[in-house]
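Asker: No sequence on hand, only this structure:
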């Protein structure tokens, strides 16, 4: 953490490098297409100011106190009060160095009755290494991928995603919740980054229940396609679509590709043929796959079509590509490749 001016000064050359080569900020969505508070970027004006400050030696300024030294991290508390149920995540031992693949865990639940979740909060065991986390509600025999293993377009029960740098509290809109049927379990996908120190993460997920069944269920529509990616291909254009048969309200989106993911756009085409872009990810980064909550939910009429449009890059120009000379088939493992867009939504009665 940048906990002093001296620390910031020491890291300033690296900060300059990762800003100019666009490794940071990592959530690189197009600022002119939709907006999401999860897409935390740096404006051109702020970028220019920061680079100029570093180029002149990163002067300290005239203040007597160092605000970084005075900063007190926010306590990792339950913001909405004690949850009705706390999901204890598995204990993951994280090494000091190396690139880690995803961890997948199914968490059994003791509920004898259906539960409607109206709000959730993640509490990371070690937020310095927990990079992101996705949680689905799964049927008894399902794993994390569920029916996505056999279908390119499927609606699933979605809880929420975790991203670093925020309190990760999610209160669903009035009358909206995630249904956990009796006998179902949670399927969680963890992604970690190493930071030079070995550690153990045991993340918690707090669930807040509604006293009564809720009229609208939050779900996620997966829209994907199957393919074979030829070797040494700088851009394999792909698209997938799904016809909506009911009125819905879209609240967020998420792009899912692996190391060869290049770009993805999320669009809605109305029955009239008029299209609206929701979010565009022109510089996909496998290491950062957040769930982008929309600033303003989008109402979609029955008969509309959801589109995901983008490309994969299996060339040497892709810095994350481990083997550009190989032909890559579709699959859910990191050494395979995916092209799936997720639309979080709930049914609308309007």
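Answerer: Done, it's in. Note that the structure is predicted; figures quoted are calculated from it, not measured.
Asker: ok, residues contacting the helix or strand containing residue 297?
Answerer: When elements are assigned from DSSP states H and E, residue 297 belongs to strand 292-300. The contact list for strand 292-300 (CB atoms under 8 Å, 6 or more residues apart in numbering) reads 29, 34-39, 173, 244, 247-254, 268, 270, 276, 278-279, 306, 344-345, 348, 350. For every residue, glycine as well, the C-beta is placed using N, CA and C.
Asker: average pLDDT across the next helix or strand after it?
Answerer: Where DSSP H and E defines the elements, the next helix or strand beyond strand 292-300 is strand 305-314. Computed over strand 305-314, the mean pLDDT rounds to 98.
Asker: Just want the angle from strand 305-314 to strand 292-300.
Answerer: Calculated by axes from the mean of the first three to the mean of the last three CA atoms, to 10 degrees, strand 305-314 forms an angle of 140 degrees with strand 292-300.
Asker: Tell me the helix or strand right after strand 305-314.
Answerer: strand 328-329.
Asker: In terms of secondary structure, what does that next one contact?
Answerer: strand 228-229 (3 or more CB pairs under 8 Å, 6 or more residues apart in numbering; DSSP states H and E).
Asker: What are the contacting residues of the helix or strand following the strand it packs on?
Answerer: Next along the chain after strand 228-229, taking DSSP H and E as the criterion, comes strand 233-243. Strand 233-243 is contacted by residues 152-153, 221, 223-225, 227, 229-230, 262, 303-315, 317-318, 339-341 when judged by CB under 8 Å, 6+ apart.
Asker: Can you flag the buried ones in the residues you listed?
Answerer: 152-153, 221, 223-225, 227, 229, 262, 304-315, 318, 339-341 (16 or more other CB atoms under 10 Å).
Asker: Now the spatially most central residue of the chain. Its backbone dihedrals?
Answerer: Closest to where the C-alpha atoms of the chain average out (CA atoms, centre = their mean) is residue 290, at 1.7 Å. Per-residue torsions, residue 290: phi -80, psi 160 (degrees, to the nearest 10).
Asker: And stretch 79-93, what's buried?
Answerer: 83, 87, 89, 92.
Asker: what about that stretch, how long is it end to end?
Answerer: End-to-end span of stretch 79-93 (CA to CA, to the nearest Å): 27 Å.
Asker: can you give me the mean pLDDT across that stretch?
Answerer: 97.
Asker: Show the subsequent helix or strand relative to the helix or strand hosting residue 266.
Answerer: Assigned by DSSP H and E, residue 266 falls within strand 261-269. Next along the chain after strand 261-269, taking DSSP H and E as the criterion, comes strand 275-281.
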